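Student: pasting a predicted model and its sequence here:
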Amino acid sequence: MRTSASRVAVAQLGARRHYAVPLAFWREGLLEQFFTDVYLKGIWPPVISCAGRFLPVSGIRRLSGRRHEQLPPEKVTAVWTTRMIGKLRGPATARMDEWMATGENFCRRILAKGLGRADAVYAFSSAARELLLYCREHGLTGVLDHATAPQGAEMKLVRAEQERFPGWVCAETESSVLEAYSRRQHEEDRLASIIICGCSFVKGMLADTGVDRDRIKVVPLGISIPPEMPVVSHGGLNVLFVGSDGLRKGIGYLARAARLLGSSNIHFRAVGDLGLTSQGMNEIREDIKVLGSVPRSAMREHWAWADVLVLPSVSETFGLVVLEAMASGLAVITTTSTCGPDVVRSGVDGFVVPPRNAEALAEKLDWMASNPVLLSEMKRSARSHAGDFTLEKYGRRLAEAVRGGSNA
């Protein structure tokens, strides 16, 4: 099984990570071809941009982002699939069924077009199996980006949360679709020469399913570092939660921590589609101000408001919001079930605590509220340390991992 590469074909549905993966291989001289479903070239970027001015439709705005000015057009091949533009909604089982069907169709269409001179293929979980099988049969390096956690293991964690917070979400039962999705993931794990994951937590989950640790490489994601924001005196501790799928991301434990603290000097705010029932939302609102989904362009206001981001997830493929918060000058409290152990220096940039532990969250928040000078130092450290996780450094780490560099 080959475990190194010099010419990489990237297969990616959508504008995931705003094309950071193909861009990384292009910058490092490794990109043979980038295959994706929808990509704007030629006259289409100005046409779509113009249409967006007159038709303020969310689909038009998303479509306008299907390009990257630094990727050479000749290196990009659009492969039409049955997938609709935009995010799939509805029950998880329906989404998984669509992901699997679209992923298989995408892979087969790429193989029909041919991989050129590629000696490696880089593909993402649930849209990789057929490509990885081809690599195995033809002596190419198959690289799997585990962009989602192992489904079987994560579902066990989520079901446990449903029992701890009964009535907070509409629980999904076991189904043949979930089993099929897990089987597809397991098959991709088996076929891959190299598995890339964003954090040590996912690496551990994969190893627990029987995947050889030597094939798994941890490559933390990267972000664009925003301009430094002016320091704002809040007259208290402002605590921010950001994310969808609130139960899995531990919003219940943050609400319990807020209740334990009972401090009028500590203010809590949640941003994002929490995906909770009216019962869950009512319980959360007793302790946390819930703002719902906001556009990314409005997040700067919330970063400026907050002193600390709390992401108490029980399972997280990475948790990019952690890096975004640090880059915006916030301290972070997160759990060992996220990228926390890989990017947060506990006690320096914030704290990494065990999952499902409201008491630990309350203790760290109380410390921050009681030590404003030390908290200010922590926020500055977080901002500085975020510079180690730029998109450029992510690209170099990723290219090195696929070239056959040392395992993380």
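Tutor: Right, received. Where do you want to start?
Student: okay, CA-based contacts and neighbour counts for the rest of this
Tutor: Noted.
Student: flag the shaky bits of this protein, pLDDT-wise.
Tutor: 1-4, 42-65, 82-94, 172-174, 405-408 (pLDDT under 70).
Student: can we see that at 80?
Tutor: Along the chain, segments meeting pLDDT under 80 span 1-5, 41-67, 81-95, 171-175, 230-235, 404-408.
Student: strands of that one, residue ranges please.
Tutor: 8-12, 31-36, 76-78, 120-124, 141-145, 194-197, 216-218, 237-242, 266-271, 289-292, 308-311, 331-335, 350-353 (DSSP state E).
Student: make TSV out of those and add distance to Ser376.
Tutor: Shown next, in TSV, are these (distance: least, Cα to Cα, whole Å):
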stretch	distance to Ser376
strand 8-12	40
strand 31-36	43
strand 76-78	45
strand 120-124	39
strand 141-145	36
strand 194-197	32
strand 216-218	30
strand 237-242	11
strand 266-271	16
strand 289-292	24
strand 308-311	10
strand 331-335	9
strand 350-353	11
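Student: in TSV, list those along with distance to Arg95 and mean neighbour count.
Tutor: Putting the strands of the chain into TSV (distance: least, Cα to Cα, whole Å; neighbours: other Cα atoms under 10 Å) gives the following:
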stretch	distance to Arg95	mean neighbour count
strand 8-12	17	25
strand 31-36	19	24
strand 76-78	23	18
strand 120-124	16	26
strand 141-145	19	29
strand 194-197	22	26
strand 216-218	27	23
strand 237-242	23	24
strand 266-271	23	20
strand 289-292	22	15
strand 308-311	25	28
strand 331-335	27	28
strand 350-353	32	24
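Student: between those, which one is nearest to Arg380?
Tutor: Arg380 lies closest, by Cα to Cα, to one member of the strands of the chain: strand 331-335, at 8.2 Å.
Student: does anything pack onto that closest one? Which helices or strands?
Tutor: Secondary-structure packing of strand 331-335 (3 or more Cα pairs under 8 Å, 6 or more residues apart in numbering; DSSP states H and E): strand 308-311, helix 320-327, strand 350-353, helix 372-386.
Student: C-alpha coordinates for that strand, CSV please?
Tutor: Extracted in CSV, the C-alpha atoms of strand 331-335 (Å, rounded to 0.1, in the frame of the first residue of the first chain):
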residue,chain,number,x,y,z
ALA,A,331,-10.1,32.9,25.8
VAL,A,332,-11.6,29.4,25.3
ILE,A,333,-13.1,26.7,27.5
THR,A,334,-13.7,23.5,25.7
THR,A,335,-13.5,19.7,26.2
